[in-house]
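Visitor: give me the fold of what follows.
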Amino acid sequence: MPTYVYETIPQFEGDTPKRFEIRQSMKDNALSQHPDSGQPVRRIPIGGTGVMGGSSSAASSSSGSSCGTGCGCH
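Guide: I've put the predicted structure just below:
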């Protein structure tokens with residue numbers, strides 16, 4: 001299960017948002033309230049580290065592979 005980052009939504013001027021992480025299934029709806037305090041929250045997008053194949057890599061041009069990983073699968 002992935003871990004998502006949420007942040008509380010300040011209700012009053014001067015309140016500071018507080019971030020927290022929670023493990024959820026990708027099928028679950030995003031939280032709308034903090035599980036403990038009930039304060040409104042929003043999910044914060046965090047960049048992933050996924051790897052995409054492509055023809056711009058040196059491995060694909062030297063190996064002739066079309067997936068870009070140099071594995072020779074294509």
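Visitor: give the contact list for Arg43.
Guide: Arg43 makes contact with 4-6, 30-31, according to CB atoms under 8 Å, 6 or more residues apart in numbering. Where you see a C-beta, it was placed from the backbone N, CA and C, and this is true even at glycine.
Visitor: state the distance from it to Ser25.
Guide: Distance, Arg43 to Ser25, by CB to CB, to the nearest Å: 14 Å.
Visitor: sorry, back to before: scan the contacts of Arg43 and report the most crowded one.
Guide: Highest neighbour count within the contacts of Arg43, by other CB atoms under 10 Å: Tyr6, with 22 neighbours.
Visitor: could you list the buried residues of the strand or helix carrying Arg43?
Guide: Using DSSP states H and E, Arg43 maps to strand 41-44. Across strand 41-44, burial judged by 16 or more other CB atoms under 10 Å covers Val41.
Visitor: Gln24 contacts Pro35, correct?
Guide: No: under the criterion of CB atoms under 8 Å, Gln24 is not in contact with Pro35, lying 10.7 Å apart.
Visitor: more neighbours, those two?
Guide: Higher neighbour count among Gln24 and Pro35: Gln24, with 16 against 10, using other CB under 10 Å.
Visitor: just for this structure, where's the confidence low?
Guide: 48-74 (pLDDT under 70).
Visitor: the strands in it, which residues?
Guide: Under the criterion DSSP state E, strands of the chain are mapped to 3-8, 19-23, 41-44.
Visitor: parallel or antiparallel, list what pairs with the first one.
Guide: Meaning strand 3-8. When pairs are called by DSSP bridges, strand 3-8 turns out to pair with strand 19-23 (antiparallel), strand 41-44 (antiparallel).
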